[in-house]
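1. Coordinates only, no sequence provided:
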């Protein structure tokens with residue numbers, strides 16, 4: 001029994017957030033198809049995939065693009081129609097909005113992969129190296145602590161890996177579970193040149209393949225963002241720990257300070273590359289997360305009992321994932337700004353009368369993860385997002 005407990009403890013403790021990206025890429029390449037980001041097994045770092053292997057990825061992306069533009073056309077057609085379609089209920093409208101949110105953020109991520117993959121790999125490679133150095137230093141300090149440590153974020157990210165197959169299979173069952181509330185029903189039923197059976201199975205196939213690509217792209221980006229945030233946290237915590245230790249030898253202290261300043265300037269470059277990669281993706285992700293959470297909250301509060309039980313469970317699962325993304329991913333981005341300020345504060349308290357070190361500290365600015373041209377993420381940003389979701393959900397429940 002003790003051996004089994006040790007085995008499970010070791011297995012769960014090995015599911016770290018930094019391993020999730022590598023495991024997800026290996027899983028999708030083995031069981032689905034190659035993503036735009038692959039993993040170099042020799043160098044042990046992420047690299048852009050060869051374009052010769054991306055034909056399925058491009059075909060799936062084209063299908064997502066078509067779906068993303070067909071849904072707004074149907075919505076606009078229904079809004080402008082003189083005689084409204086009686087089959088489009090409030091639930092159907094909410095599902096239209098929810099589908100459009102997922103497709104929009106997926107298209108933004110696809111475009112970022114195509115045009116900004118080099119910036120993504122630059123940030124990951126450099127952070128990966130610096131994180132490995134910080135881990136070695138942390139293991140040397142905590143060498144006496146041999147108890148297993150559990151990474152809850154890593155366990156959650158690893159739980160997303162099989163979801164890249166199970167979630168599309170679940171979405172493909174929507175035509176069986178709720179006929180009129182599925183947006184694909186209101187689009188494909190107008191294709192009268194197809195028989196009803198052909199329309200039905202076309203809906204099933206389109207939902208599966210679109211859901212498969214949307215799920216893999218969004219999960220890959222969520223794991224990437226979490227990995228970036230945690231890598232910044234690990235490296236900055238190591239810098240604070242190194243410089244906070246009392247060092248009598250002045251020359252060693254100055255040498256350690258110079259190394260940390262060089263690493264910090266690398267962080268500035270990596271943060272700039274990360275902001276360049278997510279310049280369009282993060283604002284759209286924040287907006288669609290807010291809208292999707294509000295729609296899910298309205299369905300759970302107002303429509304429970306009116307819609308099918310399967311839809312209630314599905315919306316509840318999606319709501320949990322969206323809230324986890326807000327709580328963890330946004331928190332990691334906010335910690336980048338807060339902890340960089342802590343690094344600069346520790347340096348300012350420790351440089352003493354050295355003019356050289358003081359000039360170096362003044363030349364360093366706090367790191368920021370920017371939400372496009374609008375604002376940058378702080379620690380309180382996630383609280384603001386949760387409050388906005390709660391406020392607008394309650395307003396929608398009261399008014400509709």
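-> Perfect, I can see it now. The structure presented is a predicted model; accordingly, all values stated were derived computationally and were not measured.
2. Output the below-cut-off pLDDT ranges for the protein.
-> The chain contains residues with pLDDT under 70 at 1-14, 131-151, 242-251, 351-354.
3. Counting residues, name the longest helix you see in it.
-> helix 90-141 (DSSP state H).
4. which other helices and strands contact that one?
-> For helix 90-141, the packing partners by 3 or more C-beta pairs under 8 Å, 6 or more residues apart in numbering; DSSP states H and E come out as strand 37-40, strand 45-48, helix 55-80, helix 183-188, helix 196-244, helix 250-277, helix 281-302. In this view, the C-beta of every residue, glycine as well, is placed from N, C-alpha and C.
5. I figured residue 187 was touching residue 67, is that so?
-> No: at 9.1 Å, residue 187 and residue 67 do not qualify as touching, with contact defined as C-beta atoms under 8 Å.
6. which of these two has more neighbours?
-> residue 67 (24 against 17; other C-beta atoms under 10 Å).
7. Please look at that one and residue 210 and confirm they touch.
-> Yes: counting by C-beta under 8 Å, residue 210 is a contact partner of residue 67 at 5.3 Å.
8. what separates the nearest residue to residue 98 once chain neighbours are set aside from residue 384, distance-wise?
-> Leaving aside its chain neighbours, residue 98 sits nearest to residue 295 (5.0 Å; criterion: C-beta to C-beta, 6 or more residues apart in numbering). Counting by C-beta to C-beta, to the nearest Å, the gap from residue 295 to residue 384 is 19 Å.
9. who are the neighbours in contact with residue 341?
-> Taking C-beta atoms under 8 Å, 6 or more residues apart in numbering, we find residue 341 in contact with residue 366.
10. any idea how far it lies from residue 174?
-> Taking C-beta to C-beta, one finds residue 341 at 47 Å from residue 174.
11. again with residue 81
-> 24 Å.
12. which of these two has more neighbours?
-> Shown here are residue 81 and residue 174; by other C-beta under 10 Å, residue 174 has more neighbours (23 against 9).
13. I figured residue 376 was touching residue 370, is that so?
-> Yes: with contact defined as C-beta under 8 Å, residue 376 and residue 370 form a contacting pair (4.7 Å).
14. what residues does the helix or strand where residue 161 lies touch?
-> Following DSSP states H and E, one finds residue 161 within helix 152-172. With contacts defined as C-beta under 8 Å, 6+ apart, helix 152-172 is touched by 12, 15-20, 23-24, 27-28, 31-32, 204-205, 207-209, 211-212, 215-216, 219, 222-223, 226, 230, 314, 324, 328.
15. And it, what's buried?
-> For helix 152-172, the buried set under the neighbour-count rule, 16 or more other C-beta atoms under 10 Å, comprises 153-154, 156-158, 160-161, 164-165, 167-168, 170-172.
16. tell me how far it is from the chain's mean position?
-> Here helix 152-172 is found 13 Å from its chain centre; the criterion is C-alpha atoms, centre = their mean, to the nearest Å.
17. Could you give me the buried positions within whichever helix or strand comes after that helix?
-> Later in the chain than helix 152-172, the nearest helix or strand by DSSP H and E is helix 174-177. Residues of helix 174-177 classed as buried by neighbour count (16+ other C-beta under 10 Å): 174, 175.
18. Give me the spatial nearest neighbour of residue 178, chain neighbours excluded.
-> residue 308 is the one closest to residue 178 (C-beta to C-beta, 6+ apart), at 5.4 Å.
19. which ones are touching the residue nearest the centre of the chain?
-> In the chain, the residue lying closest to the centroid (C-alpha atoms, centre = their mean) is residue 222, at 1.7 Å. Taking C-beta under 8 Å, 6+ apart, we find residue 222 in contact with 157, 160, 325, 329.
20. Who are the contact partners of the spatially closest residue to the first one that is not a sequence neighbour?
-> Spelled out, that is residue 157. Of all residues not flanking residue 157 in the chain, residue 20 sits nearest, at 3.7 Å (C-beta to C-beta, 6+ apart). Neighbour list for residue 20: 154, 157, 158, 160, 161, 223, 226, 227 [criterion: C-beta under 8 Å, 6+ apart].
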